[in-house]
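>>> this is a predicted model, with the sequence first.
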Amino acid sequence: MLNQFSVLFYPKRRDMDKQGKIPLYVRITVSGKRSESYIQRRIEPDNWNSDAGKAFGATTNMRELNRYMDGIRSSIYKIHSRFIEKDIFFTAKDIRDVYTGRDEKLKMVVELFQEHNDDLSRLVGKEYSAGTLQRYKTCKAHIENYLKKEYKKSDIPVQDIDHKFITGFEYYLKSQKKCVHNTAIKYIINFKKIIRIAFANDWISKDPFVHWKASWKRIEREFLTQRELNTLEKKTFTIHRLEQVKDIFLFCCYTGLAYADVEKLKTDDILLGMDGRRWIKTKRKKTNTRSSIPLLPAAESILEKYEAHPLVLDKLNMLPVLSNQKSNAYLKEIALLCGITKNLTTHLARHTFATTVTLSNGVPIESVSKMLGHTSIKTTQHYAKVLDKKIGEDMEGLMERYTNNA
């Protein structure tokens with residue numbers, strides 16, 4: 001980068017004052033990009049040597065002016081050297097801002113991201129979940145890796161983030177990190193929050209996300225049909241770990257609880273409702289919203305089955321839940337043994353509750369949204385669209401039959 005750096009002094013001849021003098025500027029160039037600053041000096045046009053980039057003559061005033069410009073050049077070269085030593089990405093504007101004292105609010109991207117994560121970590125369990133913190137940590141790691149790969153730097157000033165950086169980061173997530181489209185968009189939205197903090201604090205003069213808009217690809221969420229659910233329910237495994245994971249999965253199918261919420265489910269979360277039946281009343285770990293779910297008989301029987309389990313007695317949890325990683329691994333084995341071709345995961349159970357167990361049986365969407373603990377009914381409406389598609393597919397054969405008989 002050293003051979004791509006230069007410092008040049010020049011006058012702006014069009015800005016001549018009443019005394020016939022023109023202002024002098026210093027131009028800093030880094031990798032072909034320029035930045036300039038007025039050096040608080042003026043000179044008569046005839047006293048300027050354009051080829052040498054300095055003042056003509058041996059008068060006291062001209063010698064003093066040349067010494068002044070030499071001092072500026074020396075200061076700028078020292079600033080440039082410090083940037084090189086720190087091994088961080090910089091521009092001509094960064095050097096100019098340090099020289100002119102405009103860098104007081106200069107913030108670095110990774111540094112700012114870490115400050116945000118530190119603040120967020122102190123609110124885990126109060127306003128944010130551990131999962132939210134982990135997503136921001138992962139996003140910060142992706143930013144660091146992107147900087148090292150594309151910029152060969154460990155950090156860059158936040159003011160250097162532009163639309164090109166954002167779209168480049170999106171491409172990097174998809175091509176290098178193999179993130180699917182929606183996952184990549186989620187990480188960019190996490191990053192967007194950091195940049196918006198900088199914008200709100202006037203650390204940057206414009207929002208680089210102003211021309212970027214999140215675009216989501218619709219994903220058809222899988223769920224078990226009633227037949228598949230019945231098959232799973234009737235299947236008995238002699239291998240204890242498979243039987244245990246199957247039961248926890250079925251409990252999620254009949255309650256709509258996410259894995260993290262079943263894992264933390266305690267006796268205090270089961271309350272007697274006004275209808276005389278037991279209800280699950282708990283706050284979702286992900287959104288901190290309250291879920292209110294009447295316990296169906298199938299869910300009640302699973303709770304009874306494991307009420308004397310050692311893990312339940314030791315931890316006072318309602319169910320002996322294995323790690324999410326192990327549960328998903330065993331669910332693949334369970335699916336194979338049950339002849340289910342769908343990709344069974346702990347979260348698919350939640351989709352099954354929303355579609356097959358509730359909406360398909362006429363439960364109003366508002367009630368389903370409340371049980372799922374959704375913050376917006378729009379989220380729940382996606383399941384209704386899935387059902388409409390399924391109904392259309394189921395009716396297609398019938399449509400053909402009536403069309404042929406017409």
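Yep, it's here.

>>> where in the stretch 251-400 of the chain is pLDDT low?
385-398 (pLDDT under 70).

>>> show me where it has helices.
Using DSSP state H, counting those that start in this stretch, the helices of the stretch 251-400 of the chain run over 259-263, 297-305, 310-315, 324-338, 346-352, 365-372, 377-405.

>>> mind listing what's buried in the third one?
Going by neighbour count (16 or more other CB atoms under 10 Å), the buried part of helix 310-315 is Val312. To be clear about C-beta, it is placed using only N, CA and C from the backbone, and glycine gets the same treatment.

>>> got it, and the fourth one?
For helix 324-338, the buried set under the neighbour-count rule, 16+ other CB under 10 Å, comprises 327-328, 330-331, 334-335, 338.

>>> care to break this protein down by domain?
The chain resolves into domains spanning 2-103, 109-200, 226-395 when parsed by automatic domain parsing.

>>> got the helices of the stretch 251-400 of the chain as JSON lines, with distance to Lys285 columns?
As requested, those are exported to JSON lines (distance: least, CB to CB, whole Å):
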{"stretch": "helix 259-263", "distance to Lys285": "4"}
{"stretch": "helix 297-305", "distance to Lys285": "19"}
{"stretch": "helix 310-315", "distance to Lys285": "16"}
{"stretch": "helix 324-338", "distance to Lys285": "12"}
{"stretch": "helix 346-352", "distance to Lys285": "13"}
{"stretch": "helix 365-372", "distance to Lys285": "13"}
{"stretch": "helix 377-405", "distance to Lys285": "16"}
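
>>> and those, which is most packed in?
Among the helices of the stretch 251-400 of the chain, the stretch with the highest mean neighbour count (mean count of other CB atoms under 10 Å) is helix 346-352, at a mean of 23.

>>> measure the nearest residue to Val321 once chain neighbours are set aside to Glu304 for me?
Spatially, and ignoring its direct neighbours in sequence, Val321 is nearest to Glu263 (4.5 Å; CB to CB, 6 or more residues apart in numbering). Separation of Glu263 from Glu304 (CB to CB, to the nearest Å) stands at 19 Å.

>>> closest one of the buried residues of helix 324-338 to Val180?
Asn328 (17.1 Å; CB to CB).

>>> now do the contacts for that closest one.
344-346 (CB atoms under 8 Å, 6 or more residues apart in numbering).

>>> ok, now which ones touch Thr91?
30-31, 33, 35, 157, 160.

>>> please repeat the previous calculation with a cut-off of 6 Å.
The neighbours of Thr91, taking CB atoms under 6 Å, 6 or more residues apart in numbering as the test, are 30, 33.

>>> before we move on, what about the one 4 residues further on?
Applying CB under 6 Å, 6+ apart to Ile95 gives the contacts 28, 79-80.

>>> turn these into TSV, including neighbour count and pLDDT.
Output for the contacts of Ile95, formatted as TSV (neighbours: other CB atoms under 10 Å; pLDDT from 0 to 100):
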residue	neighbour count	pLDDT
Ile28	23	95
Ile79	19	89
His80	22	90
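
>>> is it possible to get TSV of the residues you listed that adds distance to Cys179?
Compiled in TSV, the contacts of Ile95 are given as follows (distance: CB to CB, whole Å):
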residue	distance to Cys179
Ile28	38
Ile79	38
His80	37
